[in-house]
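Enquirer: return atomic coordinates for the entry below.
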Amino acid sequence: MSKIQKCKLSDKKSLLECMTYKGERPLSVYKINDSYIVAVYQGKLSKYDIILRYRQKDKKGKWSRIRTPKHIHWAVDMLIKLSHQEEIAKEFLNFLLNLWNKTKGFKSEGERQEFLREEDLIREVEKEADRFEELSKHGEYNIKFLILLAKLLMKQEKTNREDAYMFKKLLEALKENRELYEIISIATHKGN
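Expert: Presented below is the predicted three-dimensional model:
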């Protein structure tokens, strides 16, 4: 039986096993709405670097392979949400931009462990998602999944570079309704 079919959400050990990637066990694992599993791994760019990967349940109830989230996937999903519910989607982008401005990178292992603590992080995400839940009806991704990914991506970028700007630049481009070409260029790191 393949690892894709072995994913069970019943306990922490099963989640860790399900998200072990190329022999590497995650530092933390989070489940969202029984439809997503997000894992955080030790990165290689710096001592406190993190790498994010996830699995998503398809419409038939099967788990995807382990994937690495890309800015482009996030951008396309937000474009869909913006096209259906522009006002609340822009509120969501403002929320994320404010979060970006407050986010600092990890400076110690203790700080990283505290931030990654599953119960606290998921409780925070669920509370924040309440006001944007309507956006989950449009696009590919659930709003809780997007908030969790955004928080982790922000920490990842700012841990490796205090002056990081990539994710912020994408959020701004989406909020400002910039041309599709520019948004895609930012999301794929190709410039514009």
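Enquirer: residue 151 and residue 160, how far apart?
Expert: Residue 151 sits 16 Å away from residue 160, going by CB to CB, to the nearest Å. C-betas here are computed from N, CA, C, even on glycine.
Enquirer: these two: which has the busier surroundings?
Expert: Each of residue 151 and residue 160 has its neighbours counted (other CB atoms under 10 Å); residue 151 has more, 19 against 16.
Enquirer: before we go further, the more buried one is sitting in a strand, right?
Expert: No: Residue 151 is assigned helix when assessed by DSSP: H, G, I helix; E, B strand; the rest coil, not a strand.
Enquirer: show me the contacts for it.
Expert: 99, 103, 121, 125 (CB atoms under 8 Å, 6 or more residues apart in numbering).
Enquirer: can you pull the pLDDT of residue 3?
Expert: If you check residue 3, the pLDDT there is 49.
Enquirer: select only the buried ones of the contacts of residue 151 in ChimeraX?
Expert: Applying 16 or more other CB atoms under 10 Å to these, the buried members can be selected in ChimeraX as follows:
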select :103,121,125
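Enquirer: closest to residue 21 out of the contacts of residue 151?
Expert: residue 121 (20.1 Å; CB to CB).
Enquirer: for stretch 182-192, list every residue counted as buried.
Expert: Buried, per 16+ other CB under 10 Å, within stretch 182-192: 183-184, 186-187.
Enquirer: and if you look at stretch 157-177?
Expert: Buried residues in stretch 157-177 (16+ other CB under 10 Å): 157-160, 164, 167-171, 173-175.
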